[in-house]
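In: Let me see the structure of the following:
(one chain, ligands or ions: 2)
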Amino acid sequence: MHITVIGESNIDIAVVPHSEPIAKGCTPGSIAFHHGGVARNIAHNLCLLGHDVQLVTVFGDDHFAQSMMEECKQLGVDISLSSQFDGTKSPIFLSFNDKVGNMLSAVSDVKLNGRLNLDWINDKIDAINRSDLAVADTLLSVEALVFLIDHCMVPLYIDTVSPNRALILTQALKNSRKKSVFAIKCNLAEAQAMTGEKDAENSAKKLISKGIKEVYLTMGEKGAWFCSQNSFRHFSAIETEAINVTGSGDAFFAGVIHAHAMGIKGEASVGYGLKAACHNIKSEAPVNPTLRPHVFLDDND
Ligand SMILES: Nc1ncnc2c1ncn2[C@@H]1O[C@H](COP(=O)(O)OP(=O)(O)OP(=O)(O)O)[C@@H](O)[C@H]1O
Ligand SMILES: [Mg+2]
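Out: Residues are numbered from 1 along each chain as shown. Ligands and ions are numbered 1, 2, ... in the order given. Prediction:
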């Protein structure tokens with residue numbers, strides 16, 4: 001399946017203090033650098049699952065960008081439609097986390113994402129429409145996302161990224177002519193931000209009424225909800241010892257998209273998301289490099 005993924009590539013710097021941070025002092029801890037960004041993570045996961053993936057992103061002009069581009073080359077992710085901007089720095093997301101990667105606070109230095117704008121996406125739409133499906137994150141500008149929603153002729157999947165960025169999708173849906181996308185992946189905080197509702201059921205149903213055909217709403221260790229016009233159902237997470245949960249939502253969405261690519265749709269695809277997410281949290285990195293289609297086989301297969 002030929003899949004185009006559009007959005008951010010960044011460097012994740014994850015800090016895990018080994019004890020309570022000492023005010024004005026130095027706290028021992030671990031600091032890890034990883035390639036990240038929701039679109040880049042989803043593209044990476046889908047490539048590991050055997051798809052023909054094109055990543056449409058923006059790169060800075062530094063060694064972090066070189067390293068991300070080099071990895072794409074090694075994986076076989078096509079970045080020929082991506083742009084690199086002279087004299088710019090890669091987006092960096094610095095997070096302070098608990099031991100298993102739950103974010104406590106973060107600082108983002110992501111000026112480059114301002115380039116994910118209408119001018120940038122405008123001449124890429126024909127190539128996007130030559131894929132079998134397209135995936136985007138909400139790091140695009142509202143105008144770029146409106147353009148994508150209105151001009152994308154293949155099923156469009158959107159990851160809402162964070163409560164703040166989820167509002168970009170709300171605005172884009174409002175401003176678009178089509179007012180509809182095929183599927184979104186959001187967590188509860190993102191669904192709440194988009195709808196003003198408190199619980200999963202009401203927020204997912206409201207999202208469907210806004211023109212989203214399928215909502216995949218994840219709740220961390222509490223699993224995920226699937227919602228469409230005719231169905232609303234909860235699925236439990238697969239219990240496992242979490243090494244690091246960062247990127248589990250991206251792996252979940254890649255698992256769902258992989259299932260759809262295999263012809264397994266709707267509710268039946270959620271199990272693929274849960275298995276990909278479970279595999280993801282067994283690894284330190286935002287993308288578990290050992291992800292392969294066999295993780296979806298049942299133990300007794
Ligand atoms: N502690 C956990 N134990 C078991 N499964 C988990 C745990 N945390 C996450 N998962 C799995 O990962 C899926 C996605 O997690 P979550 O709802 O936290 O996504 P997210 O907030 O989008 O994450 P991220 O943005 O970091 O990728 C969950 O539906 C669940 O299947
Ligand atoms: Mg997420």
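In: all strands for the stretch 101-250 of the chain, in order.
Out: Listed in chain order, the strands of the stretch 101-250 of the chain (DSSP state E, counting those that start in this stretch) span residues 103-109, 133-137, 156-159, 181-187, 212-218, 224-227, 232-235.
In: buried residues in stretch 27-46?
Out: Within stretch 27-46, the residues that qualify as buried are 32, 34-46, counting by 16 or more other CB atoms under 10 Å. The way it works is simple: take the backbone N, C-alpha and C, and place the C-beta from them, glycine included.
In: Narrow these to those in strands?
Out: Applying DSSP state E to the buried residues of stretch 27-46, the entries found in strands are 32, 34, 35, 36.
In: How about whichever residue of the chain sits closest to ligand 1, nearest residue that isn't a chain neighbour?
Out: Distances between the chain and ligand 1 by CB to the nearest ligand atom are smallest at residue 249, namely 2.0 Å. In space, residue 249 comes closest to residue 218 once its chain neighbours are excluded; the distance is 5.5 Å by CB to CB, 6 or more residues apart in numbering.
In: distance of the one you found from residue 184?
Out: If you measure residue 218 against residue 184 using CB to CB, to the nearest Å, the figure is 11 Å.
In: Now do the spatially most central residue of the chain, the pLDDT please.
Out: Taking CA atoms, centre = their mean as the criterion, residue 38 is the residue nearest the geometric centre of the chain, at 3.6 Å. The predicted local distance difference test score for residue 38 is 98.
In: same thing with the one 10 residues further on?
Out: If you check residue 48, the pLDDT there is 98.
In: Now do the same contact list for it.
Out: The contact partners of residue 48, by CB atoms under 8 Å, 6 or more residues apart in numbering, come to 75, 287, 289, 291, 292.
In: possible to save these as TSV with neighbour count?
Out: Supplementary listing: these in TSV, determined by neighbours: other CB atoms under 10 Å:
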residue	neighbour count
75	16
287	26
289	10
291	23
292	12
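In: got a markdown table for those residues, with pLDDT and distance to ligand 1 too?
Out: Supplementary listing: the contacts of residue 48 in a markdown table, determined by pLDDT from 0 to 100; distance: CB to the nearest ligand atom, whole Å:
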| residue | pLDDT | distance to ligand 1 |
| --- | --- | --- |
| 75 | 98 | 19 |
| 287 | 98 | 10 |
| 289 | 98 | 16 |
| 291 | 98 | 13 |
| 292 | 98 | 18 |
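In: List just the nearest of these to residue 214.
Out: Among the contacts of residue 48, residue 291 lies closest to residue 214 (CB to CB), at 22.4 Å.
In: leaving aside the residues next to it on the chain, what's closest to the closest one?
Out: The shortest distance from residue 291 to any non-neighbouring residue, by CB to CB, 6+ apart, is to residue 48 (4.3 Å).
In: Enumerate the positions of stretch 166-183 that are buried.
Out: So, applying 16+ other CB under 10 Å, buried residues of stretch 166-183: 166, 167, 168, 169, 170, 172, 173, 176, 181, 182, 183.
In: thinking again about what came up before, pretty sure the residue nearest to the centre of the chain is touching residue 8, no?
Out: Yes - at 6.2 Å, residue 38 and residue 8 qualify as touching, with contact defined as CB atoms under 8 Å.
In: Now the common contact residues for these two.
Out: Taking CB under 8 Å, 6+ apart as the contact rule, the neighbours common to residue 38 and residue 8 are 137, 139.
In: Pull up the residues of the stretch 101-250 of the chain that are close to ligand 1.
Out: Listed as neighbours of ligand 1 in the stretch 101-250 of the chain under the rule CB under 6 Å from any ligand atom: 187, 218-221, 223-224, 237, 240, 242, 245-250.
In: Just the buried ones out of those residues, please.
Out: Of all these considered here, the ones buried according to neighbour count by 16+ other CB under 10 Å are 187, 218-220, 223-224, 237, 242, 245-250.
In: Show the contacting residues for the residue of the chain closest to ligand 1.
Out: With contacts defined as CB under 8 Å, 6+ apart, residue 249 is in contact with 159, 185, 187, 218, 277.
In: can you tell me which helix or strand the last one belongs to?
Out: Following DSSP states H and E, the helix or strand that holds residue 277 is helix 267-280.
In: what about that helix and ligand 1, touching?
Out: Yes - for helix 267-280, a contact with ligand 1 is found by CB under 6 Å from any ligand atom, at 274, 277, 278.
In: got the angle between that helix and strand 212-218?
Out: With axes from the mean of the first three to the mean of the last three CA atoms, to 10 degrees applied, the angle from helix 267-280 to strand 212-218 works out at 30 degrees.
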